[in-house]
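*Asks:* need a structure here:
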Amino acid sequence: MQITPVNNKTAAMMLTNPDRILSRHIRGLAVLMIAATICFGGMSSLFANPEPLATIQLLPEAQVSGVSILLGDIAEIASAHEGDPSEDGGIDFANVYVGTAPLPGNSRQITIGQIEIRLRQAGIHPNFVLLVPPAKGFVKVMTRTQTVSSGMIVEAVKAAVLERLSDDLIVGVEVRDAVPLAVPWGELELKANDVPADIGSYRVGVDINIDGHRYRTVQTRVELKDAQSPTAVVMPQQSTEPLLVRRGERIIIEARHGGITVKVQGTALEAGRLGDFIRVENTESREEILARIVDKGIVMPEF
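*Replies:* This is a model prediction of the structure:
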């Protein structure tokens with residue numbers, strides 16, 4: 001056993017007044033305990049869960065309008081400060097962007113993890129809200145739709161042509177894409193592009209705009225003839241241009257940005273010819289997008 005030497009002064013104090021030595025150690029221990037209590041007490045209050053700014057109860061299913069999914073579309077939101085929004089920083093939880101709405105006829109699953117990411121992007125830490133998932137753990141989101149008919153497209157092209165040219169024309173319009181089309185619900189506008197300015201045969205694209213945003217473009221063939229001409233305008237039933245992409249065919253989705261080109265594998269969900277916009281599926285991500293046919297078996301999304 002090792003014995004620690006004690007100097008004469010300390011030994012004398014221990015022999016003459018042992019209580020004094022013990023009390024000094026007890027007081028030191030008490031100071032350490034008080035400091036620890038203050039320290040850990042402060043830390044516990046620092047990490048204590050605050051009252052959530054809002055309780056967000058996700059719905060099992062939801063229908064959205066337009067092309068975007070907002071948090072208010074898929075959840076019931078109860079703010080902790082309903083009477084005074086300034087108390088929670090004026091956060092508009094209902095308008096937090098969650099993602100892109102699925103194409104008509106399809107659905108999309110939104111999980112808690114995806115919502116937490118979107119909250120962070122909106123400057124809201126998920127720890128400050130209470131997220132309550134549905135029974136299945138995700139929200140099934142579908143898109144409310146409306147129909148665009150062939151007649152609507154033809155009338156939009158004729159109105160654009162006659163607004164620019166005189167009425168003494170015979171206007172023939174052939175819609176070259178599959179119609180009718182189911183498109184997202186919202187304020188619908190059909191806008192003809194590159195309206196011809198003279199007699200002849202032209203290719204005219206018609207933008208389908210929803211709430212001011214282009215959803216897709218439908219291709220038409222327009223033939224203009226003088227009304228005095230005895231020859232009737234006969235529009236072909238089907239285009240003579242070959243199909244460059246067939247439904248179900250494996251394709252290349254090519255995205256370009258600046259000098260960078262990215263190519264991924266995909267599957268065509270619709271058939272089309274050069275310049276047509278069709279629905280395709282990214283094989284890797286399983287995401288459906290709209291893309292324009294630029295060559296045989298090659299499509300390019302437009303952002």
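*Asks:* okay, and the beta partners of the nearest residue to residue 194 once chain neighbours are set aside?
*Replies:* Take residue 194 and drop its neighbours on the chain: the residue closest to it by Cβ to Cβ, 6 or more residues apart in numbering is residue 204, 5.9 Å away. Using the backbone N, CA and C atoms, a C-beta is placed for each residue, glycine as well. Taking DSSP bridges as the rule, residue 204 bridges to residue 220.
*Asks:* is it true that residue 156 touches residue 206?
*Replies:* Yes: using Cβ atoms under 8 Å, residue 156 is in contact with residue 206, at 5.9 Å.
*Asks:* residues that sit against both of these two, list them.
*Replies:* By Cβ atoms under 8 Å, 6 or more residues apart in numbering, residue 156 and residue 206 have these common neighbours: 190-192.
*Asks:* return the member of the residues you listed nearest to residue 288.
*Replies:* Among the shared contacts of residue 156 and residue 206, residue 190 lies closest to residue 288 (Cβ to Cβ), at 22.8 Å.
*Asks:* so that closest one lies in a strand, does it not?
*Replies:* Yes: under DSSP: H, G, I helix; E, B strand; the rest coil, residue 190 falls within a strand.
*Asks:* list the contacts for the nearest residue to it once chain neighbours are set aside?
*Replies:* Once flanking residues are discounted, residue 190 sits nearest to residue 156: 3.8 Å by Cβ to Cβ, 6+ apart. For residue 156, the contact set (Cβ under 8 Å, 6+ apart) comprises 190-192, 206.
*Asks:* let's see it at 10 Å
*Replies:* Listed by Cβ atoms under 10 Å, 6 or more residues apart in numbering, the contact partners of residue 156 are 148, 173, 189-192, 204, 206-208, 218, 220.
*Asks:* just the buried members of the residues you listed?
*Replies:* In the contacts of residue 156, burial by neighbour count holds for 148, 173, 190, 192, 204, 206-208, 218, 220, counting by 16 or more other Cβ atoms under 10 Å.
*Asks:* give me the mean pLDDT for stretch 185-198.
*Replies:* Averaged over stretch 185-198, pLDDT sits at 88.
*Asks:* in that stretch, which residues are buried?
*Replies:* Buried residues in stretch 185-198 (16+ other Cβ under 10 Å): 185-186, 188, 190, 192, 195-196.
*Asks:* now do stretch 118-126
*Replies:* Residues of stretch 118-126 classed as buried by neighbour count (16+ other Cβ under 10 Å): 118-119, 124, 126.
*Asks:* for those residues, which one is nearest residue 181?
*Replies:* Out of the buried residues of stretch 118-126, the member with the shortest distance to residue 181 (by Cβ to Cβ) is residue 118, at 29.5 Å.
*Asks:* my read: the closest one touches residue 69, true?
*Replies:* Yes: the criterion here is Cβ atoms under 10 Å, and residue 118 meets it with residue 69 at 9.5 Å.
*Asks:* okay, and the common contacts of the two?
*Replies:* 96-99, 110.
*Asks:* mind checking which of those are buried?
*Replies:* 96, 98-99, 110.
*Asks:* can you put the residues you listed in a markdown table and add distance to residue 276?
*Replies:* As requested, these are exported to a markdown table (distance: Cβ to Cβ, whole Å):
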| residue | distance to residue 276 |
| --- | --- |
| 96 | 35 |
| 98 | 30 |
| 99 | 26 |
| 110 | 31 |
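*Asks:* of the residues you listed, closest to residue 55?
*Replies:* Using Cβ to Cβ, those come closest to residue 55 at residue 96, 14.5 Å.
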